[in-house]
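*Asks:* any chance you can model this:
(one chain, ligands or ions: 3)
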Amino acid sequence: MKKIIKNGTIATAADTYQADILIENEKIAMIGKDLPAEGAEIIDAKGAYIFPGGIDPHTHLDMPFGGTTTKDDYETGTIAAAYGGTTTIIDFCLTEKGVPLKKAIETWHEKANEKAAIDYGFHLMISEINDDVLAELPSIIDNEGISSFKVFMAYKNVFQADDATLYRTLLQAKELGALVMVHAENGDVIDYLTKQALAEGNTDPIYHALTRPPELEGEATGRAAKLTEMANGHLYVVHVTCEDAVEKITEARNKGVDIWGETCPQYLVLDQSYLEKPHFEGSKYVWSPPLRDKKNQEVLWNALKMGQLQTIGSDQCSFDFKGQKELGREDFTKIPNGGPTIEDRMSILFSEGVMKERITLNQFVDVTSTRAAKLFGLFPKKGTIAVGSDADIVIFDPKVERAISADTHHMAVDYNAFEGMEITGEPVSVLSRGQFVIKDKQFVGEAGKGQFLKRAKYNAALKPDTGKKLTV
Ligand code: URP
Ligand code: ZN
Ligand code: ZN
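*Replies:* Ligands and ions are numbered 1, 2, ... in the order given. The predicted model follows:
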């Protein structure tokens, strides 16, 4: 059935204007004034903004990590994402040394199939480069539709790859048309500092932050940028937290290096002091890289505003306080790293960003949706409101005031890192390929309706000669 959204204010990364949107066969069929409504379901969006569905380029659902598995899986995680206005996620597919990459991808499909309520893609972790991996990579991009590879520079003896692996991944990705993503922290020095802290009897959560200082994020970011320059490659730095790293990205971009930066809501609104909360509550705020000194928040907001950072990922990686974060009561290195952020990513950016005039409305759309679509081979199918694009649409009430709380959130996890935070604005209804997934703040979608997205090669969608043509 056709649908028409009327009376709303459309905001894209470029424009803000009033028009009706006609939706037909999962796509946006027309945009205009007073479109003929005959035979269509009318959706009245008076007083609301109409955004393209959010794209969260950084999630970890149903992921084994830190001796346990994330609490939110593809079902709870994608439903919570939809409540928050996100209609596409790109999740990290972990790989194991010596195991074919194809096998890891199959495992990730099994996690998502029949569970995802919104569309999704995968990034692929690269932990080694050898003849087998080199032989598999072309098919990963061309047949599996996975055009971004992730290399960890930290988590020694778990995920960490060496610099030669990063460099060779950059060279291969450049050759094949993929974007390389890095977790940029100096894992070797962190390993030394954590062992030293434990030897001195320092076991509390705050030592997680003290043993991963911002200098080590800046150093690794600069190293990755330099290797990208040498390889003439393409780099995306995930979860940037601090001035040290922003400086390195800015320096490289100013030299013309193709490097992009993502930050996350938690680094924009929380700070290192949260790790000092009593009764082990500090463990709820253990992320890697860690929350930083408050002065970094304005640096990150300015970097988003001025374009030195370009995207917002949630880095959703949730663990219950009870039974999961508690694994590290006696030893901070055993606290599973990560937190629940998928649901509040867009609302926090709108409230703290747009409402507080740190970024514009159009920048908000760009950093929460459009830019990720462009970088990760999904544009213009996803990430904008245009004729021919998927009808992934958020109807957003910019006036409603509410407090974030675990009592009302939809993630499976037993706490909310932003508990009590007063924010303005909330999605009212959300459509995924023309179907309501959230209607009047209630989930009306279905687990398993989300489709796997085979993504275009890096940048290909932006080039008129090679980009995917829209079918209208
Ligand atoms: O603490 C975090 N960020 N957990 C998720 C894994 C990662 O490093 O992104
Ligand atoms: Zn990471
Ligand atoms: Zn992550």
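
*Asks:* residue contacts, the residue of the stretch 1-150 of the chain found nearest ligand 1?
*Replies:* Of all residues in the stretch 1-150 of the chain, His60 sits closest to ligand 1, with a separation of 5.3 Å (Cβ to the nearest ligand atom). To be clear about C-beta, it is placed using only N, CA and C from the backbone, and glycine gets the same treatment. For His60, the residues meeting the contact criterion (Cβ atoms under 8 Å, 6 or more residues apart in numbering) are Thr70, Asp91, Phe92, Asp315, Gln316, Cys317, Gly338.

*Asks:* could you find the closest non-adjacent residue to it?
*Replies:* Using Cβ to Cβ, 6 or more residues apart in numbering and skipping the chain neighbours, the partner closest in space to His60 is Cys317 (4.0 Å).

*Asks:* what does Lys97 give?
*Replies:* Once chain neighbours are set aside, the closest to Lys97 by Cβ to Cβ, 6+ apart is Glu128, at 5.1 Å.

*Asks:* helix/strand/coil for that neighbour?
*Replies:* coil (DSSP: H, G, I helix; E, B strand; the rest coil).

*Asks:* tell me who's in contact with it.
*Replies:* For Glu128, the residues meeting the contact criterion (Cβ under 8 Å, 6+ apart) are Lys97, Ala161, Thr165.

*Asks:* just among these, which is most surrounded?
*Replies:* In terms of neighbours by other Cβ atoms under 10 Å, the contacts of Glu128 top out with Ala161 at 24 neighbours.

*Asks:* these two touch, right, it and Phe149?
*Replies:* No. In terms of Cβ atoms under 8 Å, Ala161 does not count as a neighbour of Phe149; the distance is 10.5 Å.

*Asks:* shared neighbours, those two?
*Replies:* By Cβ under 8 Å, 6+ apart, the residues touching both Ala161 and Phe149 are Ile126, Thr169.

*Asks:* hang on, the earlier thing: and the residue nearest to Lys97, what pLDDT?
*Replies:* Glu128 carries a pLDDT value of 97.

*Asks:* which residue ranges form the strands in the stretch 251-400 of the chain?
*Replies:* Residue ranges of the strands in the stretch 251-400 of the chain, as given by DSSP state E, counting those that start in this stretch, are 258-263, 311-312, 393-403.

*Asks:* could I get the pLDDT score of Pro464?
*Replies:* Model confidence at Pro464 (pLDDT) stands at 43.

*Asks:* Gln160 and Lys454, how far apart?
*Replies:* The span separating Gln160 from Lys454 equals 29 Å under the rule Cβ to Cβ, to the nearest Å.

*Asks:* looking at these two, which is more packed in?
*Replies:* Counting neighbours by other Cβ under 10 Å for Gln160 and for Lys454 shows that Gln160 has the greater number, 20 against 15.

*Asks:* now the more buried one: phi and psi?
*Replies:* Taking degrees, to the nearest 10, you get phi -60, psi 130 for the backbone angles of Gln160.

*Asks:* pretty sure it contacts Ile126?
*Replies:* No. Taking Cβ under 8 Å as the contact criterion, Gln160 and Ile126 are not neighbours in contact, 11.9 Å apart.

*Asks:* quote the end-to-end distance of stretch 171-189.
*Replies:* 26 Å (Cα to Cα, to the nearest Å).

*Asks:* and that stretch, what's buried?
*Replies:* Using 16 or more other Cβ atoms under 10 Å as the test for burial, stretch 171-189 gives 171-174, 176-187, 189.

*Asks:* before we move on, what about stretch 17-26?
*Replies:* Neighbour counts over stretch 17-26 (16+ other Cβ under 10 Å) mark Ala19, Asp20, Ile21, Leu22, Ile23, Glu24 as buried.

*Asks:* now swap in stretch 352-363 and tell me
*Replies:* Applying a neighbour-count criterion of 16+ other Cβ under 10 Å, the buried positions in stretch 352-363 are Glu352, Gly353, Val354, Met355, Arg358, Ile359, Leu361, Asn362, Gln363.

*Asks:* interface residues of the stretch 301-450 of the chain facing ligand 1?
*Replies:* Contact residues, the stretch 301-450 of the chain versus ligand 1 (Cβ under 6 Å from any ligand atom): Asp315, Cys317, Asn337, Gly338.

*Asks:* who touches the third one in this structure?
*Replies:* It refers to Asn337. The contact partners of Asn337, by Cβ under 8 Å, 6+ apart, come to Phe65, Gly66, His208, Val286, Trp287, Ser288, Cys317.

*Asks:* still on that earlier bit, for the strands of the stretch 251-400 of the chain, state which one has the densest average packing.
*Replies:* Per-stretch averages of neighbours, counted by mean count of other Cβ atoms under 10 Å, single out strand 311-312 among these, with a mean of 30.

*Asks:* ok so, going back, how about the strands of the stretch 251-400 of the chain in JSON lines, adding mean pLDDT and distance to Pro380?
*Replies:* Formatted as JSON lines, the entries for the strands of the stretch 251-400 of the chain read as follows, by pLDDT from 0 to 100; distance: least, Cβ to Cβ, whole Å:
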{"stretch": "strand 258-263", "mean pLDDT": "98", "distance to Pro380": "19"}
{"stretch": "strand 311-312", "mean pLDDT": "98", "distance to Pro380": "17"}
{"stretch": "strand 393-403", "mean pLDDT": "98", "distance to Pro380": "14"}
